[in-house]
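Trainee: 3D, please:
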Amino acid sequence: MDNNQNPYHAPQAEVRRADRAAQLVTASRGQRFINYLIDSLARQAIIFAMMMVYMGIAGEAAVAAMKEPDLVLNLMIGYAVVVLYYVPMEGMFGVTLGKLVTGTRVVDEQGRPPSWGQVLGRTFARFIPFEAFSVLFAREDRVSGWHDRLPKTLVVRIR
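Mentor: Predicted coordinates:
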């Protein structure tokens with residue numbers, strides 16, 4: 001029996017795969033800067049909340065400990081907050097608070113959601129000294145920083 005005559009055969013249709021990569025419009029430098037500002041404020045708010053909890057638990061000992069800052073501990077807390085902020089947000093949702101406000105999101109170079117490996121690569125690339133300035137020296141038609149180029153991701157406009 002021919003497949004065209006079989007009533008139980010799945011219908012066949014020509015599938016055209018749209019070239020999503022050609023349709024992607026990267027975020028502007030202004031959008032990227034606003035993302036950076038909002039995400040920096042969000043990370044600072046997380047650190048502030050952590051300090052308040054620490055002071056609530058440890059009391060006077062926390063105040064005494066904060067009077068003598070520990071550079072290594074502060075750096076480790078800062079790095080931990082960056083990882084705890086970006087990895088779940090970009091990994092599960094493709095956005096951060098800044099990206100929500102500016103109408104942008106993270107995608108891979110084909111326009112698909114980034115893999116967890118790419119999200120981890122983006123996050124750890126942010127620890128490269130002066131990485132935040134790499135967006136300033138990107139091409140006009142494809143604004144991206146090292147944390148985009150190394151894991152092969154883009155921040156694109158969604159509205």
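
Trainee: how far off centre is the longest helix along the chain?
Mentor: When the chain is parsed with DSSP state H, its longest helix is helix 29-58. When C-alpha coordinates are averaged (C-alpha atoms, centre = their mean, to the nearest Å), helix 29-58 and its chain have centres 15 Å apart.

Trainee: next, the angle from the helix or strand just after that helix to helix 29-58.
Mentor: With elements assigned by DSSP states H and E, the helix or strand that comes after helix 29-58 is helix 60-67. Angle of helix 60-67 versus helix 29-58, following axes from the mean of the first three to the mean of the last three C-alpha atoms, to 10 degrees, is 140 degrees.

Trainee: quick one: buried residues of helix 60-67?
Mentor: Of the residues in helix 60-67, residue 62 count as buried by neighbour count, 16 or more other C-beta atoms under 10 Å. Any C-beta I mention is one placed from the backbone N, CA and C, and that applies to glycine too.

Trainee: so which helix or strand of the chain has the lowest pLDDT on average?
Mentor: Across the helices and strands of the chain, mean confidence by mean pLDDT, DSSP states H and E is lowest for helix 20-23: a mean of 64.

Trainee: spatially central residue in this structure, please.
Mentor: Centre of the chain computed as the mean C-alpha position; nearest residue by C-alpha atoms, centre = their mean is residue 90, 4.3 Å away.

Trainee: what does the pLDDT read for that residue?
Mentor: On pLDDT, residue 90 comes in at 97.

Trainee: and it, what is it in contact with?
Mentor: When contacts are counted by C-beta atoms under 8 Å, 6 or more residues apart in numbering, residue 90 touches 96, 106, 114, 119, 122-123.

Trainee: go ahead and confirm residue 26 touches residue 156.
Mentor: Yes - in this structure, residue 26 is within contact of residue 156 by C-beta atoms under 8 Å, at 5.7 Å.

Trainee: distance of residue 86 from residue 76?
Mentor: Using C-beta to C-beta, to the nearest Å, residue 86 is found at 16 Å from residue 76.

Trainee: same drill for the two, tell me which one is more crowded.
Mentor: Neighbour comparison, residue 86 and residue 76: the larger count goes to residue 86, with 21 against 11 (by other C-beta atoms under 10 Å).

Trainee: nearest residue to the more buried one other than its sequence neighbours?
Mentor: Spatial nearest neighbour of residue 86, excluding adjacent residues (C-beta to C-beta, 6 or more residues apart in numbering): residue 123 at 4.5 Å.
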